[in-house]
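Q: The following block contains a protein sequence and its predicted model.
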Amino acid sequence: MNLLLLSLFALALWLMFSLYRSHNRKKAELLLPVRSASIVKIHSYKSFGIIATIRFKEELTPQIGDRLHEEGNIYQITGVVTPDPVPEQPKDTWDCRLVKI
């Protein structure tokens, strides 16, 4: 009987600790900065995510992990295609792989 109560108590402590860590991780993710950008064109919806051409308001190079806000949705950049020198593409426009959060 005592062993059963002790194992239930240990299980409850582990569950509370894992819920606490999960909550803190999600809360920290919400505080990450979001870049303002506009999606020019969505190229595909594949099983690996969204490939889109994005125009950023500032001319900083997008990085993996950056978040952007567009039309009420928040996306996270999971990949950036480095452009070949294309004369018609402005330098603040990038092809990126996105995941909707």
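A: Received the coordinates, thanks. Numbering: from 1, shown residues only.
Q: I'd like the average pLDDT over the lengthiest strand in the chain.
A: The residue-count maximum for a strand in the chain (DSSP state E) belongs to strand 34-46. Strand 34-46 shows a mean pLDDT of 78.
Q: Begin at 541 from now on, thanks
A: Okay, residue one is now 541; in that scheme the one you just asked about reads as strand 574-586.
Q: Would you indicate which residues of that strand are buried?
A: For strand 574-586, a neighbour-count test (16 or more other C-beta atoms under 10 Å) marks 575, 577, 579 as buried. Every residue, glycine included, has its C-beta placed from N, CA and C.
Q: what does stretch 582-601 give?
A: Within stretch 582-601, judged by 16+ other C-beta under 10 Å, the buried ones are 589-594, 596.
Q: got it, and stretch 612-619?
A: Within stretch 612-619, the residues that count as buried by 16+ other C-beta under 10 Å are 615-617.
Q: just for this protein, where's the confidence low?
A: Low-confidence segments of the chain, defined by pLDDT under 70: 563-572, 585-588, 623-631.
Q: At the geometric centre of it, which residue do we find?
A: In the chain, the residue lying closest to the centroid (C-alpha atoms, centre = their mean) is Q616, at 2.9 Å.
Q: out of the buried residues of stretch 612-619, who's nearest V639?
A: Q616 (5.1 Å; C-beta to C-beta).
Q: Report whether the expected contact of the closest one with G605 is present.
A: Yes - here Q616 reaches G605: they are 6.8 Å apart, a contact under C-beta atoms under 8 Å.
Q: other SSEs contacting the helix or strand that contains F549?
A: Assigned by DSSP states H and E, F549 falls within helix 542-570. Applying 3 or more C-beta pairs under 8 Å, 6 or more residues apart in numbering; DSSP states H and E, we find helix 542-570 packed against no helix or strand.
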